[in-house]
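Engineer: need coordinates for the below:
(2 chains)
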There are 2 protein chains.
Amino acid sequence: YYFFLCGGWVEARNSRGNVGLVPEDYIEVKNTLIICFVFDFTSLYRALDEIGTFSLFSSVYSFDEEWDDDSDDGKSTVGYGGSQMEEGGTMQRGGGHSTMKISLNKFPGFSKTPNPEVYLLTKSIAKGNDKLPIYAGEVGPVWLYPQIQLDCVVADPKKGSKMYGLKSYIEYQITPNTTNRPVNHRYKHFDWLYERLVEKFACALPIPCLPDKQVTGRFEEEFIQMRMERLQGWMSRMCRHPVISNSDVFQLFLNYRDEKEWKLGKRKTEKDEIVGVKIFSTIDPELPELDPGQVEQKYEMYSQFTRSMDNSVKELLAVGHLHWKRCTGPLQKEYRQIGKAFQNLSSVFNTSAYPSRKLDATGKTYEEIAELVAGQPKKDLHFLMETNNEYKGLLGCFPDTVAVHKAAIDKVKEADHLVTMNKVSQQDKHIMEKNLSTMSYALQAEMNHFHSNRIYDYNRLMQFYLEEQVKFYETIAEKLKKALGQYTTI
Amino acid sequence: YYFFLCGGWVEARNSRGNVGLVPEDYIEVKNTLIICFVFDFTSLYRALDEIGTFSLFSSVYSFDEEWDDDSDDGKSTVGYGGSQMEEGGTMQRGGGHSTMKISLNKFPGFSKTPNPEVYLLTKSIAKGNDKLPIYAGEVGPVWLYPQIQLDCVVADPKKGSKMYGLKSYIEYQITPNTTNRPVNHRYKHFDWLYERLVEKFACALPIPCLPDKQVTGRFEEEFIQMRMERLQGWMSRMCRHPVISNSDVFQLFLNYRDEKEWKLGKRKTEKDEIVGVKIFSTIDPELPELDPGQVEQKYEMYSQFTRSMDNSVKELLAVGHLHWKRCTGPLQKEYRQIGKAFQNLSSVFNTSAYPSRKLDATGKTYEEIAELVAGQPKKDLHFLMETNNEYKGLLGCFPDTVAVHKAAIDKVKEADHLVTMNKVSQQDKHIMEKNLSTMSYALQAEMNHFHSNRIYDYNRLMQFYLEEQVKFYETIAEKLKKALGQYTTI
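Structural biologist: Got it, this is the predicted structure:
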């Protein structure tokens, strides 16, 4: 047996050699060899602990996790696979990634919340291009938004191969609206980008996970299409973020001109030192300092909001899932049965001396309704589910981001206490408070960004959903009216 | 314990004295006192045999079977309760009733098919008012239809009581369109009428059962309403039948002027001797005689048709029942959940600095849709189910009527054989063939009557059903459009 731990799902091979995905909860780990495709051993141990009956394992290996690919960039992959614990500073690179991913499903929080203390005592702020200003917008503190919003199209998935066809992979074409010049990327490159973004920004910005690796389509075509659709969603969301879209690593990903520029850029961004909580030192709010009380109030509000929205989104997903199953299952069957029953009765009537086509047409209409009912979820519920799934992912990242904030609030409270005991200077306390205020502005700007997207997304979603629903019911009414028309002509 | 046998349901009292209806199939009869409310002991023994483990019972009593009444006309009730076997002649009175009723549910056929031989050898036909002519209509042989179709309104159920309030009953007001003068009848009077119609006509005309005695409403009001609605359906069907509506007994039921006229009329009709197969001697087809081959062909066709239609009607009832349960059960629940999920998400959104009523309105719309979905079956499916239930009852009577016909065909074939052996005279054979032709015309007239009603009923039914369905889907589309309208105004 072997297992991949991946977003609540475990890829398992049974004794006959069949491979498939099974929900984590189904697994009871026996004493056996476990090959783990994770980058953070702390998380692994916690995961195994969570799973339950695990007691002993022989060896743990670390591999490249992309399913459709080998490690063509093996060195680089292994390069960020190590656990780089920097005391109270940057977030663990691989660790951050792996944990963030798992946190959406089962293991909340970073494996260890990054310690904001190093930043809180920082006196200087970054200069020049690295600076991330925050302005007073209409709705409160906001990031600096670009004049033209970046966007890109993910399209044209192509099978590529290397090593004389021995290894194959899928390459997607990404075309940004700025250059209109397509670049090609494999899923593992998206994954690399995600890693960089988490490493650099996740203390201040929730970075939504990449679409799951799990197979959602039954056929390769369907799977590729689905993954592409979701990568498009993820990229569009990243493009819409003023801080992320403007970052060097994101620009590199979209704009590199050749293999050389890509490789050089990769090496450079991997060496970036402004990562983890250090990101706050680049934030420059051009706004009056907030006192710790105001900061805590905002924190409480956002924390509460994101938790509540997470619950509501999950509720909607659950009922949407139920509805989908009912439409494509029992409801379709039932309308077919109704249609059949009318048609059968019509056949009987037609054996008499008084044949008629009316009832048969009614029966056929209900059969058509059965197919409309079964086909509808793909037309409207699909988009509702996809969008809410995206938000579920995004909201799953908030607890981590908010936890860093909470840790900073607690540090400042502690400092307040230490000042009265003369263990921290008034000056240091003021620096900490000022930096906490900056962190709060970052959180506020981020929340305002979240809300503006949320409003846009849900308006668009609901409008689309209701439009399709109206069309659906009108189409049925239209069909029934036509069936009815045959009777009124008696 | 005691049991009422009634249309597949058994009213049972348990050891704690609670009374309720249970399906026949659930009953395992133990050695105990059984009080049976049936009129035909043959049927009772067959029923008990069917039930299964029955082995011994102490006593059998016969009572008036009306649930909401004692035997105020006890003598008359008991009067037709006896088993009057006339060799090969009239149908058993009580026996015919009880069996016909049960035949719809479990025990097909008369307890014994009436023997048509007595009629087949009859030379004379009835004269005057008793004559039932058959004409050549556009569609084939037809009964003589009246200029103005009789109809009546069953309304205004009133609780009456007698014996100083010790016994209570429900009285319905029936107003025929001919006299426009209401008469009052209790359920037991309808039952008496049904008995008379079966006795007189059931060999030639399928007499649909009265609505079941079983309780369908949870409250007395609902039950009375439902029974009234079904009595109305039954009466309308009887009114529409040219032979039944014109009969003395039916006219008496609708037109009696006072208690005295009613009692006298009852006594007279109960003495009617033109019952059972003798009814055929009153039929006077003004059409060329049919040869036995043509007769058999018609018989086969009708027999096949009514059996097929019976199956189709049952199929439609089954799927209708399923659909009803889904609409009022899981589907309503699901739309409520969708509505709630939208409203909950809206509540969360409204805790932010960006409140909006749109999503809340969408949620409320889906809650309204939930109620529309749950309320719809009562609006359209109800009528579809009621009509098909009526037809199920009517079609359930055909096997009995058709069996008499089949027995006559067999008798004539036998006679054909006996002629060659000189055991039956050519003249008698010709009389038999002529009478069989008359029976066939009766069956054809009846089938043509059935078809014309069937076409009318199903056209009206489907038109009504589709109209309501169109309204239903249009109402939903309208509601969703309104909800959508809130979004398009952004």
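
Engineer: all strands of the stretch 151-300 of chain A, in order?
Structural biologist: Taking DSSP state E, counting those that start in this stretch as the test, the strands found in the stretch 151-300 of chain A are A:152-162, A:167-176, A:183-186, A:283-285.

Engineer: of those, which approaches residue A:322 most closely?
Structural biologist: The closest of the strands of the stretch 151-300 of chain A to residue A:322 is strand A:152-162. By Cβ to Cβ, the value is 30.7 Å. C-beta coordinates here come from the backbone N, C-alpha and C atoms, glycine included.

Engineer: list the strands paired with that closest one, with their directions.
Structural biologist: strand A:167-176 (antiparallel) (DSSP bridges).

Engineer: so which bits of the partner strand are buried?
Structural biologist: A:169, A:170, A:172, A:173, A:174, A:175, A:176 (16 or more other Cβ atoms under 10 Å in any protein chain shown).

Engineer: among those, show me the least confident.
Structural biologist: The lowest pLDDT within those belongs to residue A:169, with 84.

Engineer: what sits opposite that one in the beta ladder?
Structural biologist: Note on residue A:169: beta-bridge partners residue A:160, judged by DSSP bridges.

Engineer: who in the stretch 1-150 of chain A is up against chain B?
Structural biologist: By Cβ under 8 Å from any Cβ of the partner chain, the residues of the stretch 1-150 of chain A that approach chain B are A:139, A:140.

Engineer: just checking, residue A:353 is part of a strand?
Structural biologist: No: counting by DSSP: H, G, I helix; E, B strand; the rest coil, residue A:353 is not found in a strand; it is coil.

Engineer: wait, it sits on residue B:451?
Structural biologist: Yes: Residue A:353 is within contact range of residue B:451, at 7.3 Å (criterion: Cβ atoms under 8 Å).

Engineer: who has more neighbours, the two?
Structural biologist: residue B:451 (17 against 12; other Cβ atoms under 10 Å in any protein chain shown).

Engineer: the helix or strand that the more buried one is a member of close to chain A?
Structural biologist: Using DSSP states H and E, residue B:451 sits in helix B:426-488. Yes: judged by Cβ under 8 Å from any Cβ, helix B:426-488 and chain A are in contact via B:451, B:454-455, B:458-459, B:462-463, B:466-467, B:469-470, B:473-474, B:476-477, B:480-481, B:483-484, B:487-488.

Engineer: relative to helix A:426-488, how tilted is that helix?
Structural biologist: 150 degrees (axes from the mean of the first three to the mean of the last three Cα atoms, to 10 degrees).

Engineer: what count of nearby residues applies to whichever residue of the stretch 1-150 of chain A sits closest to chain B?
Structural biologist: For the stretch 1-150 of chain A, the residue closest to chain B is residue A:139, as judged by Cβ to the nearest Cβ, at 6.6 Å. Neighbour count for residue A:139, taken as other Cβ under 10 Å: 14.

Engineer: with adjacent residues omitted, what lies nearest to it?
Structural biologist: Closest residue in space to residue A:139, ignoring its immediate chain neighbours: residue A:448 at 5.3 Å, by Cβ to Cβ, 6 or more residues apart in numbering or on different chains.

Engineer: please name the residues that touch the one you found.
Structural biologist: Applying Cβ atoms under 8 Å, 6 or more residues apart in numbering or on different chains to residue A:448 gives the contacts A:137, A:139, A:140, A:141, A:142.

Engineer: separation between the nearest residue to residue A:190 once chain neighbours are set aside and chain B?
Structural biologist: Spatial nearest neighbour of residue A:190, excluding adjacent residues (Cβ to Cβ, 6+ apart): residue A:210 at 5.7 Å. To chain B, residue A:210 is 25 Å away according to Cβ to the nearest Cβ, to the nearest Å.

Engineer: correct me if wrong: residue A:210 contacts residue A:192.
Structural biologist: No: counting by Cβ under 8 Å, residue A:210 does not reach residue A:192; the two are 10.4 Å apart.
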